[in-house]
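Peer 1: 3D, please:
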Amino acid sequence: MENFSYLGARVSTEGGGEEDIHERLRKAQVAFRRLSRSWNSSVYSTTTKVRLFNSLVKAVLLHGCETWKMTEGNKKTLDTFQTKCLRRIYKVFWPNVVSNRELLSRSNGREISKKVLKRNWDWLGHILRRDKDDHCQVAITWAPEGKRTRKPSYR
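Peer 2: Residues are numbered from 1 along each chain as shown. All right, here's what the predicted structure looks like:
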């Protein structure tokens with residue numbers, strides 16, 4: 001198998017987590033779309049809508065993000081998803097110019113990519129505090145023994 005789903009995470013032979021990030025993003029988009037009645041409703045205040053977004057949509061997106069390898073493209077993709085959702089929640093009409101920073105300050109939040117990086121560091125600290133014999137500790141601190149053999153050059 002080249003890729004499969006394990007405990008909600010997408011695992012592939014290529015590694016890196018690129019596929020897992022896109023899979024999580026699709027699941028979060030579905031969760032956001034299912035709540036479209038709430039976003040369009042005038043019954044709920046915008047603070048309630050933002051709280052719903054944070055607890056229901058962001059939770060789906062950030063599941064297992066501690067193991068993601070973040071690239072600049074992935075950061076941009078995640079932040080774009082977040083700002084698109086916030087624009088929909090705050091009903092920002094497209095010709096109106098509202099900066100992403102303004103949207104984040106309205107929602108009292110920060111970029112989702114920064115949250116992922118913080119979770120990565122928190123998880124790493126948790127693993128490094130474990131016993132030296134623990135499997136996770138061994139996997140992170142493992143270094144190969146010896147030296148690699150040099151490949152012959154074909155000129």
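Peer 1: can you map out the strands along the protein?
Peer 2: Remark: strands assigned in the chain by DSSP state E are 3-6, 9-12.
Peer 1: average pLDDT across the first one?
Peer 2: It stands for strand 3-6. For strand 3-6, mean pLDDT is 69.
Peer 1: again with the last one
Peer 2: For strand 9-12, the per-residue pLDDT values average out at 68.
Peer 1: show me what contacts residue 111?
Peer 2: 75, 78, 79, 82, 104 (C-beta atoms under 8 Å, 6 or more residues apart in numbering). All C-beta atoms are positioned from the backbone trio N, CA, C, and that covers glycine.
Peer 1: what is the neighbour count of the closest residue to residue 71 other than its chain neighbours?
Peer 2: Excluding the flanking residues, the one nearest residue 71 by C-beta to C-beta, 6 or more residues apart in numbering is residue 18, at 8.0 Å. Neighbours of residue 18 under the rule other C-beta atoms under 10 Å: 16.
Peer 1: now do residue 88
Peer 2: Residue 88, neighbours per other C-beta under 10 Å, totals 15.
Peer 1: you'd agree it is up against residue 39?
Peer 2: Yes - look at residue 88 against residue 39 with C-beta atoms under 8 Å: they come within range, at 5.6 Å.
Peer 1: low-confidence stretches in this structure?
Peer 2: Residue ranges of the chain with pLDDT under 70: 3, 6-16, 155.
Peer 1: helices of that one, start to end?
Peer 2: In the chain, the helices defined using DSSP state H lie at 18-34, 36-40, 46-52, 58-61, 72-89, 100-106, 112-128, 135-141.
Peer 1: ok now the last one, how far from the chain's centre?
Peer 2: Mean-position distance between helix 135-141 and its chain equals 23 Å (C-alpha atoms, centre = their mean, to the nearest Å).
Peer 1: could you dump that helix to PDB, C-alpha only?
Peer 2: What follows is helix 135-141 as a C-alpha-only set of coordinates in PDB (Å, rounded to 0.1, in the frame of the first residue of the first chain):
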ATOM      1  CA  HIS A 135      10.200   4.200  22.200                       C
ATOM      2  CA  CYS A 136       9.300   7.700  21.200                       C
ATOM      3  CA  GLN A 137      12.400   9.100  22.900                       C
ATOM      4  CA  VAL A 138      14.600   6.500  21.200                       C
ATOM      5  CA  ALA A 139      13.000   7.300  17.800                       C
ATOM      6  CA  ILE A 140      13.600  11.100  18.100                       C
ATOM      7  CA  THR A 141      17.100  10.900  19.500                       C
END
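Peer 1: done for today, thanks.
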